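Asker: have a look; sequence and predicted model below, questions after that.
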Amino acid sequence: MKEKIRLSGVYKIFGDQPRGRALDLAKAGVPKDEVQARTGHVVGLTDVNFTVREGEIFVVMGLSGSGKSTAIRTVNQLHTVTDGEVLVDGEDVQAMTGSKLQSFRREKMGMVFQHFALFPHRSVIDNVGYGLNVQGIAKRERDKASLRALSLVGLEPYAMNLPSELSGGMQQRVGLARALAADPDILLMDEAFSALDPLIRRQMQDEMMAIQAELHKTILFITHDLNEALRIGDRVCIMKDGAVVQIGTPEDILTKPATGYVAEFVQDVDQGRVIQVNEIMVEPKPLDPSLTVQQGLQHLGDRSGAFVLDAEGKPVSVLTTGDGIRVSGMGSSNLSDALRTDFAVCRPEDTLNTVYAAAGRGIPIAVVDESGRLVGNLDPRHIMEEMGRVESLIDGFEREVFL
Ligand SMILES: Nc1ncnc2c1ncn2[C@@H]1O[C@H](COP(=O)(O)OP(=O)(O)OP(=O)(O)O)[C@@H](O)[C@H]1O
């Protein structure tokens with residue numbers, strides 16, 4: 001996939017002499033607090049490296065003061081960098097000045113903030129078209145683009161309303177529409193949904209992901225909320241004290257946290273929303289023919305038993321190991337007596353939270369493809385193990401730190 005944005009060895013020092021001793025200390029790996037104590041300068045970013053690929057949602061996540069906003073602002077040169085390089089489409093952003101920088105900002109990227117000012121006395125459509133107006137685009141064309149952007153966020157019917165007639169969530173949508181109106185390749189979103197109620201926030205996340213899937217924008221999204229990062233990010237970059245701690249897919253972050261710091265964060269996350277069934281399902285294998293009680297019986301791992309399939313490969317009943325042992329213990333040699341039909345069904349791309357209930361009841365879970373054919377088995381115990389795994393990782397880090 002094409003690279004859209006690249007930060008290489010980026011440092012940002014705030015203070016009177018950013019390129020002086022503070023930079024040298026930061027480059028030598030001296031922690032942010034110590035640099036501040038020794039020089040009075042604040043390390044905003046220290047050796048930040050990441051690339052954002054075309055069409056991905058790349059989320060930068062960290063606590064307040066970790067450097068997220070500073071990092072995103074180097075991409076459109078709202079901040080100059082003290083050292084290092086920022087490239088967008090291979091072009092050096094720091095080298096841009098004057099009208100070139102202006103048109104780069106206007107045409108290539110849209111920005112959405114947590115709190116942005118809508119003009120209270122202008123209609124929604126004029127707010128959305130504001131940037132295009134500044135660019136000197138005629139009203140007819142401007143309105144056409146604004147209406148298209150409003151329809152993307154579901155607000156076309158409110159085009160002629162004033163901002164005060166819209167709810168907070170709708171106003172935030174106007175902000176998104178404004179960023180989309182100029183049809184930029186890149187969206188920079190700084191805590192764009194953080195001020196919204198949880199339900200509205202999730203709706204906005206869904207809408208943004210739908211828009212991205214349709215328009216293939218490259219989105220650099222900043223949040224302090226790991227749940228949000230894992231929900232929307234194709235990849236997530238975790239920052240602490242101006243430095244990058246880990247970059248990975250949501251699954252990487254959850255299952256392979258790079259440091260104890262990341263593991264601590266992960267502790268609070270509902271992993272079931274991120275881990276997919278196909279990551280922990282077991283592939284079905286035919287049973288040893290000598291054990292076959294019926295044509296089509298499939299072996300499903302050592303503990304969980306077997307599904308009986310029809311001629312098309314769809315599961316119709318299940319024989320659990322426990323039921324098999326119970327029936328033979330009662331003197332029956334016919335294992336068919338032990339077959340049961342109360343099993344749950346899910347798809348490989350479902351997330352674990354969709355099968356919690358079945359796992360909790362301890363019933364077998366068949367994983368089927370779009371035509372209902374068996375492609376895997378999900379042992380309820382595997383789910384519980386997976387959920388416990390991150391906790392044991394954290395224990396491991398704690399042992400490393402404290403022993
Ligand atoms: N203009 C500035 N002058 C001095 N220090 C600054 C300036 N802007 C940011 N900083 C400092 O740089 C560091 C990173 O700040 P930044 O705003 O990027 O963090 P953040 O992760 O976005 O946090 P928040 O979510 O609170 O905005 C902080 O220590 C902050 O105090």
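Answerer: That came through fine.

Asker: residue numbers of this structure in contact with the ligand?
Answerer: The chain comes close to the ligand at residues 14, 42, 44, 62, 64-70, 224, as judged by Cβ under 6 Å from any ligand atom. Every C-beta, even on glycine, is put in place using the N, C-alpha and C of the backbone.

Asker: in strands, which of those fall?
Answerer: Judged by DSSP state E, strands contain the following of those: 14, 42, 44.

Asker: from the ligand, how far off is the residue nearest the centre of the chain?
Answerer: Nearest residue to the geometric centre of the chain (Cα atoms, centre = their mean): Gly233, 2.1 Å. Relative to the ligand, Gly233 is positioned 16 Å away (Cβ to the nearest ligand atom, to the nearest Å).

Asker: test my guess that that residue contacts Ile57.
Answerer: Yes. Assessed by Cβ atoms under 8 Å, Gly233 is found in contact with Ile57 at 5.5 Å.

Asker: anything in contact with each of these two?
Answerer: Contact criterion Cβ atoms under 8 Å, 6 or more residues apart in numbering; residues shared by Gly233 and Ile57: Phe221.

Asker: next, the contact list for the nearest residue to Asp241 once chain neighbours are set aside, please.
Answerer: Nearest residue to Asp241, sequence neighbours excluded (Cβ to Cβ, 6 or more residues apart in numbering): Lys32, at 4.4 Å. Residues in contact with Lys32 (Cβ under 8 Å, 6+ apart) are 26, 42-43, 46, 241-242.

Asker: how many neighbours does the residue of the stretch 151-300 of the chain found nearest the ligand have?
Answerer: For the stretch 151-300 of the chain and the ligand, the shortest gap (Cβ to the nearest ligand atom) falls at His224, measuring 5.5 Å. Neighbour count for His224, taken as other Cβ atoms under 10 Å: 15.

Asker: and if you look at Thr80?
Answerer: Burial of Thr80 is recorded as 12 neighbouring residues (other Cβ under 10 Å).

Asker: likewise the one 10 residues further on?
Answerer: In terms of burial, Gly90 registers 9 neighbours under the definition other Cβ under 10 Å.

Asker: so who does it touch?
Answerer: Contacts of Gly90 (Cβ under 8 Å, 6+ apart): Glu3.

Asker: torsion angles phi and psi at it?
Answerer: phi 80, psi 0 (degrees, to the nearest 10).

Asker: that one and Lys2, how far apart?
Answerer: Per Cβ to Cβ, to the nearest Å, Gly90 is found 10 Å from Lys2.

Asker: could you do Met170 as well?
Answerer: 34 Å.

Asker: of these two, which one has the most company?
Answerer: Counted by other Cβ under 10 Å, Met170 and Lys2 do not tie: Met170 has more neighbours, with 17 against 9.

Asker: quick check, the more buried one in contact with Ser164.
Answerer: No. With contacts counted by Cβ under 8 Å, Met170 stays clear of Ser164, the gap being 11.0 Å.

Asker: any regions of the stretch 251-400 of the chain where pLDDT drops low?
Answerer: For the stretch 251-400 of the chain, applying pLDDT under 70 flags the ranges 270-273, 286-305, 328, 332-335, 384-400.

Asker: please enumerate the strands of it.
Answerer: 285-286, 297-299, 306-309, 315-319, 344-346, 365-368, 374-378 (DSSP state E, counting those that start in this stretch).

Asker: and for the stretch 1-150 of the chain?
Answerer: 3-14, 42-53, 57-61, 83-88, 91-92, 109-113.

Asker: nearest to Arg326, of those?
Answerer: Checking the strands of the stretch 1-150 of the chain against Arg326 by Cβ to Cβ gives strand 57-61 as the closest, at 49.5 Å.

Asker: contacting residues around Ala358?
Answerer: Applying Cβ under 8 Å, 6+ apart, the residues near Ala358 are 344, 346, 365, 380.

Asker: run a quick neighbour tally on the third one.
Answerer: Taking other Cβ under 10 Å as the neighbour definition, Ile365 ends up with a count of 23.

Asker: repeat that for the first one.
Answerer: One way to gauge burial is a neighbour count; for Ala344, by other Cβ under 10 Å, it gives 17.

Asker: from Glu165, how far out is the nearest residue to it once chain neighbours are set aside?
Answerer: The spatially closest residue to Ala344, leaving aside those adjacent along the chain, is Ala358, at 3.5 Å (Cβ to Cβ, 6+ apart). Plainly put, Ala358 is 46 Å away from Glu165 if you go by Cβ to Cβ.

Asker: over to Val88?
Answerer: Distance from Val88 to Glu165, by Cβ to Cβ: 37 Å.

Asker: the more surrounded of those two?
Answerer: Val88 (22 against 12).
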